[in-house]
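**Student:** Generate coordinates for the sequence data below:
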Amino acid sequence: MESLTSALERNRSFAIALYISAFVHLSLLLIIGASMYESGNDERNVPELSVQLETRAGPNSEEFTEAALPKPAPEPADTVVTDPGTSTETLAADTPGAAIPLAESDPDLAEVDALSAHVETTESVGTVVTTSGESTVEIPAVAEPQPDAVVAEIPQTEKVMLTKNVEQLAKQLLDTNMMNTELSWQQAGRQYTARVLRQPAADSTGLEQVIAEVVTENNGKRMKTHLSLKRLAFSHFTQLVNFWDPNIRLHDDVIDGRFHSNTEIGIAFSGGIEPHFFGKVTTSAASMTIDDLGSRRRNREVFQGGMETRTERVTLPRDMPDVVNGGVATDRSVFTVDTRIIFNSDGSFVWRAANGSGPLERAGPSDRPRYLIAGKGVNLFVSGTVAGIFTVYTPADIEIENDVVYSKDPRDVVISRDFLALIAGRDIKVASGQITGVGDLHVHAALFARRRFSIVSVEKSTPGTLYILGSLTAGTLWETEPRYATKMDYDKRFEYLRPASFPMTRRYEVDSWDQDWQEVESPESRPPTADLARSE
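**Tutor:** Below is the predicted model:
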């Protein structure tokens with residue numbers, strides 16, 4: 001008992017000493033902390049907290065920052081034309097303004113032999129024999145050639161005549177909204193019959209085609225040939241201009257692909273500098289204004305793809321219902337105020353009011369075409385890296401503020417699904433050098449400016465080159481030099497695809513042809529079941 005009592009006494013003394021020590025140390029810490037706080041040195045000798053964040057895929061901070069910060073205000077725009085079709089500076093259109101877009105669907109091939117009408121062509125070559133109204137004559141189906149069938153080459157003059165008549169039939173199908181028709185005519189003592197089928201584009205990125213079968217008789221033999229035409233979109237032309245400003249000259253320009261102007265174009269040479277056209281050049285005018293071309297050899301060097309005058313006009317459409325109503329609701333974004341749009345390389349895009357007010361918004365990537373549509377009088381400002389299929393439209397102006405390029409350049413990769421269409425009811429502009437920066441500018445897109453394409457502050461920037469991959473259609477062009485020389489590369493994918501709902505012309509072009517006449521059986525020598533089997 002005595003030893004237990006002494007132990008308890010010793011423990012009680014130890015505990016009291018421990019409590020006193022803890023109280024003294026705590027008081028010292030409080031005094032030191034208070035003095036540091038009062039002197040403003042509360043972060044001295046305090047260990048830092050390090051946090052490491054793992055980011056997910058998406059637009060980088062630079063892209064968000066660029067979208068979030070307002071750009072310098074664009075130069076004051078002209079009075080906004082809310083209806084481009086009524087402006088004195090707009091261009092005539094030969095398509096009805098209230099045209100309703102056709103549903104995207106394939107034709108019913110089972111109805112190929114159900115010829116609905118004979119139509120009369122205009123400007124046909126030779127004597128044309130036609131009837132109008134419902135057809136009461138059934139044209140027997142033409143048998144496929146046998147392996148030993150006689151093949152005869154089609155002379156060039158005959159090819160030109162056949163192409164012209166089939167093109168006329170294709171335009172009549174377009175005007176009447178018919179799917180097939182037939183035409184008979186006589187030329188040089190021979191009778192021809194053409195059966196034509198229209199195949200609308202399968203979807204918004206496809207091209208319309210016309211398939212034709214032409215039958216004739218030569219020296220008692222029944223012959224046929226097949227040819228296919230494609231309807232050209234405006235994106236088929238590397239550059240197309242409705243009205244060429246007579247004060248503008250093509251000088252230090254390189255254009256690869258089709259070039260067309262509805263009026264006379266001007267070309268200038270100076271200091272050993274000359275333009276170069278690597279595709280065919282056509283104009284509806286009777287001539288071109290060429291300053292000191294000099295020689296036929298130089299002519300060939302400039303127009304390396306050939307040159308043709310007095311060609312058919314290519315009229316710019318007044319309205320674009322296919323564009324405005326394109327896509328489904330979930331794939332369409334509508335802007336009601338001037339908006340800045342930046343495309344991101346992951347397929348997303350961000351936007352914000354052009355004056356910097358309001359929230360920054362973002363839309364993720366999509367496998368379907370996206371339509372970015374502005375309301376009347378709304379201007380759009382674009383830049384960035386495009387991944388996916390985008391069609392941008394406004395009835396007012398589009399301003400390019402920096403490079404607009406594809407994530408996968410089709411010139412560098414085997415397959416690229418990146419497409420961009422910039423369509424403006426008024427103008428497409430390249431912003432001033434204060435916004436774009438000095439030097440070169442790269443634009444990957446099919447451009448359509450119904451009124452004009454222009455460069456802002458052409459005299460006030462360090463010279464560079466404007467590189468365009470795709471196509472440029474404009475009501476008229478303003479000068480680009482001395483700020484930019486221009487180099488246009490045709491996007492070869494446009495030969496068989498187009499940016500989503502990009503407007504189409506009324507021009508057709510031969511896509512494929514047998515190139516020969518092939519002998520076939522006459523209707524009288526074939527068993528009666530042959531036509532039935534063919535029609536099934």
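
**Student:** dump the residue contacts of Thr311.
**Tutor:** Listed by Cβ atoms under 8 Å, 6 or more residues apart in numbering, the contact set of Thr311 reads 260, 282-284. For the C-beta atoms, the positions are set from N, CA and C on the backbone; glycine is no exception.

**Student:** Then Leu420?
**Tutor:** With the criterion set at Cβ under 8 Å, 6+ apart, Leu420 makes contact with 343, 386, 390-392, 404, 406, 444-446, 470, 499.

**Student:** 10 Å instead, please
**Tutor:** The contact partners of Leu420, taken as Cβ atoms under 10 Å, 6 or more residues apart in numbering, are 343, 382, 384, 386, 388-392, 404-406, 443-447, 470, 499-500.

**Student:** cool, Tyr484 as well?
**Tutor:** Tyr484 makes contacts with 252-253, 430, 439-441, 455, 458, 461, 463-467, as judged by Cβ under 10 Å, 6+ apart.

**Student:** so of the contacts of Leu420, which ones are in strands?
**Tutor:** Mapping the contacts of Leu420 onto strands (DSSP state E) picks out 343, 382, 384, 386, 389-392, 404-406, 443-447, 470.

**Student:** got the residue ranges for the helices in the stretch 301-450 of the chain?
**Tutor:** Here the stretch 301-450 of the chain has its helices, by DSSP state H, counting those that start in this stretch, at 321-324, 433-436.

**Student:** The chain now?
**Tutor:** Taking DSSP state H, the helices of the chain run over residues 2-39, 61-68, 156-176, 296-302, 321-324, 433-436, 529-535.

**Student:** related to what we said a few turns ago, so which of the contacts of Tyr484 belong to strands?
**Tutor:** Those of the contacts of Tyr484 lying in strands (DSSP E): 253, 430, 441, 455, 464-467.

**Student:** Turn the residues you listed into JSON lines, including neighbour count.
**Tutor:** As requested, the ones in strands among the contacts of Tyr484 are exported to JSON lines (neighbours: other Cβ atoms under 10 Å):
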{"residue": "Asp253", "neighbour count": "22"}
{"residue": "Val430", "neighbour count": "24"}
{"residue": "Leu441", "neighbour count": "24"}
{"residue": "Ile455", "neighbour count": "24"}
{"residue": "Gly464", "neighbour count": "16"}
{"residue": "Thr465", "neighbour count": "16"}
{"residue": "Leu466", "neighbour count": "20"}
{"residue": "Tyr467", "neighbour count": "19"}
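
**Student:** Burial check on His251, number of neighbours?
**Tutor:** His251 is flanked by 20 other residues according to other Cβ atoms under 10 Å.

**Student:** any idea how far the closest residue to it other than its chain neighbours lies from Met288?
**Tutor:** Spatial nearest neighbour of His251, chain neighbours left out: Ala268 (4.9 Å); criterion: Cβ to Cβ, 6 or more residues apart in numbering. Distance, Ala268 to Met288, by Cβ to Cβ, to the nearest Å: 11 Å.

**Student:** what do these two both touch?
**Tutor:** What both Ala268 and Met288 touch, as defined by Cβ under 10 Å, 6+ apart, is the set Leu250.

**Student:** what residue ranges in the protein are flagged as low confidence?
**Tutor:** Low-confidence segments of the chain (pLDDT under 70): 1-150, 271, 291-298, 458-461, 522-536.

**Student:** Would you mark the buried spots in the strand ranked longest in it?
**Tutor:** As assigned by DSSP E, the longest strand anywhere in the chain is strand 221-233. Buried residues in strand 221-233, counted by 16 or more other Cβ atoms under 10 Å: 222-225, 227-233.

**Student:** Equivalent analysis for stretch 374-392, please.
**Tutor:** In stretch 374-392, counting by 16+ other Cβ under 10 Å, buried: 374, 377-392.

**Student:** Could you do stretch 439-454 as well?
**Tutor:** Result for stretch 439-454 [16+ other Cβ under 10 Å]: buried residues 441, 443-454.

**Student:** One more: stretch 270-279?
**Tutor:** 274-279.

**Student:** go on, stretch 457-477?
**Tutor:** For stretch 457-477, a neighbour-count test (16+ other Cβ under 10 Å) marks 458, 461, 464-477 as buried.

**Student:** Which of those sits closest to Trp185?
**Tutor:** Nearest to Trp185 among the buried residues of stretch 457-477 is Thr473, at 34.6 Å by Cβ to Cβ.

**Student:** How about the contacts made by Thr465?
**Tutor:** Taking Cβ under 10 Å, 6+ apart as the criterion, Thr465 is in contact with 252, 254, 439-442, 480, 483-487.

**Student:** related to what we said a few turns ago, let's have the buried residues of strand 221-233 in CSV, adding distance to Gln209.
**Tutor:** Below are the buried residues of strand 221-233 laid out as CSV (distance: Cβ to Cβ, whole Å):
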residue, distance to Gln209
Arg222, 26
Met223, 23
Lys224, 19
Thr225, 17
Leu227, 11
Ser228, 6
Leu229, 7
Lys230, 5
Arg231, 7
Leu232, 11
Ala233, 12
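
**Student:** out of the residues you listed, who's nearest Asn177?
**Tutor:** Using Cβ to Cβ, Arg231 comes nearest to Asn177 of the buried residues of strand 221-233, at 14.0 Å.

**Student:** Skipping its backbone neighbours, what lies nearest that closest one in space?
**Tutor:** Glu208 (4.1 Å).

**Student:** how about that neighbour, what does it touch?
**Tutor:** 102, 170, 173-174, 198-202, 229-233, 504, 508.

**Student:** do you know how far Gln199 is from Val210?
**Tutor:** Gln199 is 7 Å from Val210, where distance means Cβ to Cβ.

**Student:** And for Lys492?
**Tutor:** 22 Å.

**Student:** Please identify which of these two sits among more neighbours.
**Tutor:** Neighbour totals were compared for Lys492 and Val210, and Val210 leads with 23 against 11 (other Cβ under 10 Å).

**Student:** Looking at strand pairing, list the partners for the more buried one.
**Tutor:** On the basis of DSSP bridges, Val210 is bridged to Arg198, Leu229.

**Student:** Pretty sure it sits against Val166.
**Tutor:** Yes. In this structure, Val210 is within contact of Val166 by Cβ atoms under 10 Å, at 7.2 Å.

**Student:** joint contacts of the two?
**Tutor:** By Cβ under 10 Å, 6+ apart, the residues touching both Val210 and Val166 are 196, 227-229, 508.

**Student:** between these, which is closest to Leu316?
**Tutor:** Of all these, Tyr508 has the smallest distance to Leu316: 17.5 Å, by Cβ to Cβ.
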